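1. Everything below, folded, please.
(one chain, ligands or ions: 2)
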Amino acid sequence: MIRTSRPPSVHSTNTETGDPFAVLLRPPATETDHERVLRLQREADAKRVNDSIDEQIRLDRERYKKSKQDVKLLLLGQAESGKSTLQKQFQLMYNPNSLEEERLSWRTVIYYNIARPVRRILDTLDLYGDEPDLDDDDAFTAISGSPGSRLAGSGQSFEPSSSFSPASADTQLAALRARLSPLLSAELSLAERLSGGVNVSGSGKGSIFVRSGWQARTFGMAFGKARTNSGRASIDQRRPSVDYGGQGADGQGESEKDKLAEEVGKILIECQDDVRELWQHPSVQRLRARRKLKLEEWAEYFLNSISRVSSPGYIPTTDDILHARIQTMGVAEHIFDVSLHGRTVTWHLFDVGGARGQRHTWVPYFDDATAIIFVAPVSAFDQYLDEDPRTNRVDDSLQLFKQICSNPLLKNAHLVLFLNKTDILHAKLARGVNVKKYITSYGDRPNEFDAVVNYFRAHFTQVHKRNNENNRVLYTHLTSVVDTKTTQSIITNVRDSIFRGYLKSAALV
Ligand SMILES: Nc1nc2c(ncn2[C@@H]2O[C@H](COP(=O)(O)OP(=O)(O)OP(=O)(O)O)[C@@H](O)[C@H]2O)c(=O)[nH]1
Ligand SMILES: [Mg+2]
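-> Ligands and ions are numbered 1, 2, ... in the order given. Just a heads-up that it's a prediction; the model follows:
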């Protein structure tokens, strides 16, 4: 065997420097040719791995540097305030194809938004039956025009229609319940599909939470496979971004129909008349008038649209998607490019879960936020938190807004306030729901839209003024984010104001 002088190593082996690693790495004096070839190969492999790690670090650093120039917009506010609906409006404006891809997957949510209130109506009927409650003054206003009922003369109490008999109502309702049982059974399967098995307590009214990317998961579960990822990756390591890629509605071949949605669709075709009959039943309308049954706006929207939603081959319209309700869990990041004056900037929109149990997940997103849109539903003056039935929802919004305004991590963020659900506020006031009854400090001000909205706006402005160390401007908008036309023009306005601030701070860097 021929021994050669020791070859240079890929690593530095300068033992003269006294480097202990060099000593350790030094090949043994008895190394054979074959061992040397293997060692050099090992060293070359290690160097390749090292180089690729270095390259990855360089790319990450570059991406991080670039991401520092991106706009990060947080949508904050209590549960049901309209954050995810606003996010859908951003998606419609800046990434409409992704909404197209998701369109069919929204059937699962919409069907759930029908099955769940049907169960709630039946449960409420079980609980209260048909006994009229003469104490509730809202009965006077809410009942007007409701089928099968009429008002007692004084205006403060309610009497059932003379043609109505509780015994026959009971029989009718029992028959309806039996005919609706397939829909009630489907509710559980729909919930399981949407939540992906996640069960979060305290979600209120028994509704379910979904994590970001549920659209992709519902398709994956429907077809027994995961969708391919062709969407944009998140640069944020705190959580993965929503992936709009993969096989969407368009790619759904005949052999790949979403079986659950198809099945529930068929059930709805069969029992749409029963759903309608239940919804319009005098006993149900009476419970609504007495405010024993309070259905949310989305439940009413879909129950009122039952014929359309139950028609064969139903595809959700954009309005349906905007009205569909599903609670956000954690924080969902949506990424899109926004161009203005020839400059394109990447925006990261963070849509957070607003329920009290979800709010701790917001904080990691605060320190590099460019802007916040705080969404406060002004129609909620007569509602209480699901998480804490003693807290009025407008009051909770104000307290939350105070925490956001005074948070030092957010002190440089551009601040926008959406006083949302103004359409529902209009409708409630038109029905005569009395603000003073729920917000005693409202006093004898007129129970009219302008007065009510100005009162709430003044409170939010006050909170902002008292917690405004940096003298930042508060941009306030009256919104109804289910209204696409007006919301998109407000988004354009918000985009411009965020850009102005962004360009100013970029100039300072
Ligand atoms: N009529 C009407 N409905 C609205 C408006 N804004 C939101 N909604 C509806 O209110 C429901 C709740 O809205 P979301 O956007 O899901 O609420 P969120 O703030 O994301 O709630 P969490 O995810 O639980 O924090 C949905 O069914 C929406 O369609 C509005 O301005 N007017
Ligand atoms: Mg949400």
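2. Okay, domains of this protein per the record?
-> Listed domain ranges for the chain are 1-44, 70-96+330-508, 103-206+214-323 (source: automatic domain parsing).
3. all strands of the stretch 1-150 of the chain, in order?
-> 71-76, 149-151 (DSSP state E, counting those that start in this stretch).
4. How about the chain?
-> 71-76, 149-151, 158-160, 209-210, 327-328, 331-340, 343-352, 371-377, 414-420, 474-478 (DSSP state E).
5. I'd like those laid out as a markdown table, including mean pLDDT.
-> Output for these, formatted as a markdown table (pLDDT from 0 to 100):
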| stretch | mean pLDDT |
| --- | --- |
| strand 71-76 | 96 |
| strand 149-151 | 28 |
| strand 158-160 | 34 |
| strand 209-210 | 70 |
| strand 327-328 | 92 |
| strand 331-340 | 91 |
| strand 343-352 | 93 |
| strand 371-377 | 98 |
| strand 414-420 | 97 |
| strand 474-478 | 97 |
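6. how about those in a markdown table, adding distance to Thr391 and mean neighbour count?
-> Quick note: C-beta positions are derived from backbone N, CA and C, even for glycine. Formatted as a markdown table, those follow (distance: least, Cβ to Cβ, whole Å; neighbours: other Cβ atoms under 10 Å):
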| stretch | distance to Thr391 | mean neighbour count |
| --- | --- | --- |
| strand 71-76 | 17 | 24 |
| strand 149-151 | 32 | 17 |
| strand 158-160 | 29 | 18 |
| strand 209-210 | 20 | 22 |
| strand 327-328 | 18 | 22 |
| strand 331-340 | 23 | 18 |
| strand 343-352 | 19 | 19 |
| strand 371-377 | 14 | 26 |
| strand 414-420 | 18 | 25 |
| strand 474-478 | 23 | 17 |
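7. do you know which of those strands lies nearest His464?
-> Nearest to His464, of all those, is strand 474-478, at 4.6 Å by Cβ to Cβ.
8. could you check the angle strand 371-377 makes with the closest one?
-> Strand 474-478 runs at 40 degrees relative to strand 371-377, counting by axes from the mean of the first three to the mean of the last three Cα atoms, to 10 degrees.
9. wait, does strand 474-478 contact ligand 1?
-> No: Strand 474-478 does not reach ligand 1 (Cβ under 6 Å from any ligand atom); its nearest approach is 10.0 Å.
10. Pretty sure Leu419 sits against Asn454.
-> No: counting by Cβ atoms under 8 Å, Leu419 does not reach Asn454; the two are 10.2 Å apart.
11. before we move on, back to that, looking at the domains of the chain, which is closest to Gln56?
-> Of the domains of the chain, the one closest to Gln56 (Cβ to Cβ) turns out to be domain 103-206+214-323, at 13.3 Å.
12. Let's see the distance spanning the closest one from one end to the other.
-> 13 Å (Cα to Cα, to the nearest Å).
13. Adjust the sequence numbering to begin at 360 for everything that follows.
-> Okay, using 360 as the starting number, the last item reads as domain 462-565+573-682.
14. ok, the residue nearest to Leu778 when sequence neighbours are not counted - contacts?
-> Closest residue to Leu778 apart from its sequence neighbours, by Cβ to Cβ, 6 or more residues apart in numbering: Val737 at 4.8 Å. Counting by Cβ atoms under 8 Å, 6 or more residues apart in numbering, Val737 touches 753, 778-781, 784, 811-812, 815.
15. Now do stretch 670-682: distance from first to last residue.
-> Note: stretch 670-682 ends 18 Å apart using Cα to Cα.
16. Any part of it near ligand 2?
-> No: if you take Cβ under 5 Å from the ion as the test, stretch 670-682 misses ligand 2, and the best it gets is 12.5 Å.
17. Can you point out the buried residues in that stretch?
-> Residues 673, 675, 677, 679-682 are the ones in stretch 670-682 that count as buried (16 or more other Cβ atoms under 10 Å).
18. Also stretch 800-810?
-> For stretch 800-810, by 16+ other Cβ under 10 Å, it's 801, 806, 808.
19. quick one: average confidence on it?
-> The average pLDDT for stretch 800-810 rounds to 97.
20. Find the nearest non-adjacent residue to Ile680, please.
-> Trp465 (4.9 Å).
21. gap between Thr467 and ligand 1?
-> Computed with Cβ to the nearest ligand atom, to the nearest Å, the distance linking Thr467 and ligand 1 is 15 Å.
22. Revised request: answer the last question for Val811.
-> Val811 is 15 Å from ligand 1, by Cβ to the nearest ligand atom.
23. Neighbours of that residue, how many?
-> 23 (other Cβ atoms under 10 Å).
24. Next up, the contacts around it.
-> Contacts of Val811 (Cβ under 8 Å, 6+ apart): 737, 740, 784, 788, 794, 801, 804.
25. how does it look with 7 Å?
-> 784, 788, 794 (Cβ atoms under 7 Å, 6 or more residues apart in numbering).
26. swap in Glu807?
-> Glu807 neighbours (Cβ under 7 Å, 6+ apart): Leu788.
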